[in-house]
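**Q** curious how this folds, go ahead:
(chains A, B, C and D, ligands or ions: 2)
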2 protein chains.
Amino acid sequence: MGDMKMSGGVEWAVHCCVVLSQAEGPVPTQRLAEFHGISRTYLAKHLQQLSRAGLVSSTEGRVGGYRLTRPADEITVLDVVLAIEGLEPAFRCTEIRQNGPLPASPTACKRPCGVNRVMQAAEQAWRAALREVTIADLAVTVTKDAGPQTFVRVREWLAT
Amino acid sequence: MGDMKMSGGVEWAVHCCVVLSQAEGPVPTQRLAEFHGISRTYLAKHLQQLSRAGLVSSTEGRVGGYRLTRPADEITVLDVVLAIEGLEPAFRCTEIRQNGPLPASPTACKRPCGVNRVMQAAEQAWRAALREVTIADLAVTVTKDAGPQTFVRVREWLAT
DNA sequence: TAAACGCGGATAAGTTATGTCCACGATTAG
DNA sequence: CTAATCGTGGACATAACTTATCCGCGTTTA
Ligand code: SF4
Ligand code: SF4
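**A** Ligands and ions are numbered 1, 2, ... in the order given. The predicted structure follows:
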């Protein structure tokens, strides 16, 4: 039935961060959207979220654009995912244990139950894995996968 | 913006499995819904999914209902989550690296890229954590949190 | 002064999540 | 035999969310 799906904007945002890590100056939304062949206006929304999260900073005006606020090896994939997806956990308890003919006592409801604890632990494991990889790591992977000339060509295109 | 949210039905399904692990006979949808104070007709949908996933088996007719197909210590929380949420991973790549003025070569696209690999690894860690806990474990937790008489009362109410 | 750019809000279409309803066949109590 | 209970699957309705698009505004620079 319903599947737990991550926002598609995460893919866009991660790719943009990798590109920004290789850029020499501010890159405008226009260029980033064109480069990835995606919607300019919608990407703008995601970049604004990255900006609010403090991952990128923006320059307004004629030759403005976005740049990373920190070195790429200090930005984790988790940072980007949380910036786009929000901070709320995937599992949200609706406290159904308090319903029905045998409701749990207020005392027992002080702390989250076993179900909730398991879900939170799983989410922590998920976050830990995402925290292990930085944007810089991804850039290295791209170089390995697509060749050492890749980012040279990207920089050339950005300078167009 | 968009948050990755788990279906609310997961909470219902897990709770139902815990109750079923303590029942002495088949429990009909009606009772399970009443016990948890939730929608009967909608819960029926989720129970059917558990049935299709092979976690519970149903008995039709006058005194029918659901029961677990396996001992509770052989049903993990992951089993339930996957039965409700589906098998698809949370992160779905749309291959935007193939777009734009510098598309990745077909050679480099043979296998998933670094981004995708990170996401898959994180999801594996998440699943591993959920696989560590069984319905039987949760039942023990409930006994600890809500008192040893809890399930006695549940069985009494179910026999009503 | 005009063009390029980021920012935030309003708006809309498409999709998903949530929930209801009903007709059907199976089973069992009386 | 008959009526009540129960699971199954499909159709249906509605709320919520995702995915955009557009516009007016202020900022910066050629
Ligand atoms: S027992 Fe856990 S999952 Fe269930 S309602 Fe309570 S906190 Fe939520
Ligand atoms: S680089 Fe990875 S995340 Fe990006 S489009 Fe390719 S497979 Fe998807």
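**Q** please count neighbours and contacts with C-alpha atoms only from this point.
**A** Fine.
**Q** which element is the closest residue to ligand 2 within chain A on?
**A** Nearest residue of chain A to ligand 2, counting by C-alpha to the nearest ligand atom: residue A:11, 5.4 Å away. Assigned by DSSP states H and E, residue A:11 belongs to helix A:9-22.
**Q** show residues contacting that helix.
**A** For helix A:9-22, contacts defined as C-alpha atoms under 8 Å, 6 or more residues apart in numbering or on different chains pick out A:26-27, A:32, A:36, A:43, A:46-47, A:50, A:66-68, A:71-72, A:77, A:80-81, A:84-85, A:135-136, A:138-139, A:151, A:154-155, B:93-94, B:96, B:115.
**Q** filter the residues you listed to the buried ones?
**A** Buried by 16 or more other C-alpha atoms under 10 Å in any protein chain shown: A:26-27, A:32, A:36, A:43, A:46-47, A:50, A:66-68, A:72, A:77, A:80-81, A:84-85, A:135-136, A:138-139, A:151, A:154-155, B:93, B:96, B:115, out of the contacts of helix A:9-22.
**Q** so which of the residues you listed sit within helices?
**A** Assigned to helices by DSSP state H, the following of the buried ones among the contacts of helix A:9-22 qualify: A:32, A:36, A:43, A:46-47, A:50, A:77, A:80-81, A:84-85, A:135-136, A:138-139, A:151, A:154-155, B:115.
**Q** tell me the pLDDT of the closest residue to ligand 1 within chain A.
**A** Nearest residue of chain A to ligand 1, counting by C-alpha to the nearest ligand atom: residue A:95, 3.2 Å away. At residue A:95, the predicted lDDT confidence score is 92.
**Q** which sections of chain A are below the confidence cut-off?
**A** A:2 (pLDDT under 70).
**Q** DNA strand C contacts on that one?
**A** A:1-5, A:27-30, A:47-48, A:51, A:57-66 (C-alpha under 7 Å from any atom of the strand).
**Q** surely residue A:78 and residue A:135 touch.
**A** No - using C-alpha atoms under 8 Å, residue A:78 makes no contact with residue A:135, being 10.0 Å away.
**Q** quick one: contacts for the residue of chain A positioned farthest from its centre?
**A** No residue in chain A sits farther from the centre than residue A:101, which is 43.2 Å out by C-alpha atoms, centre = their mean. Neighbouring residues of residue A:101 by C-alpha under 8 Å, 6+ apart: B:34, B:35.
**Q** distance of it from DNA strand D?
**A** Residue A:101 is 17 Å from DNA strand D, where distance means C-alpha to the nearest atom of the strand, to the nearest Å.
**Q** near residue A:31, how many other residues are there?
**A** By other C-alpha atoms under 10 Å in any protein chain shown, 15 other residues sit near residue A:31.
**Q** spatially nearest residue to it (excluding sequence neighbours)?
**A** Nearest non-adjacent residue to residue A:31, counting by C-alpha to C-alpha, 6 or more residues apart in numbering or on different chains: residue A:158, 7.3 Å away.
**Q** so which of the contacts of helix A:9-22 are also by ligand 2?
**A** When contact is defined as C-alpha under 6 Å from any ligand atom, these meet ligand 2 at B:93, B:94, B:96, B:115.
**Q** quick one on the thing from earlier: could I have the CA atoms of the helix holding residue A:11 written out in PDB?
**A** Coordinates of each C-alpha in helix A:9-22 appear next as PDB, following Å, rounded to 0.1, in the frame of the first residue of the first chain:
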ATOM      1  CA  GLY A   9      14.300  16.900  -3.900                       C
ATOM      2  CA  VAL A  10      17.000  15.100  -1.900                       C
ATOM      3  CA  GLU A  11      18.600  13.700  -5.100                       C
ATOM      4  CA  TRP A  12      18.600  17.200  -6.600                       C
ATOM      5  CA  ALA A  13      20.000  18.800  -3.500                       C
ATOM      6  CA  VAL A  14      22.900  16.300  -3.100                       C
ATOM      7  CA  HIS A  15      23.900  16.600  -6.700                       C
ATOM      8  CA  CYS A  16      23.800  20.400  -6.400                       C
ATOM      9  CA  CYS A  17      26.100  20.300  -3.400                       C
ATOM     10  CA  VAL A  18      28.600  18.100  -5.200                       C
ATOM     11  CA  VAL A  19      28.600  20.600  -8.100                       C
ATOM     12  CA  LEU A  20      29.000  23.500  -5.700                       C
ATOM     13  CA  SER A  21      31.900  21.800  -4.100                       C
ATOM     14  CA  GLN A  22      33.700  21.900  -7.400                       C
END
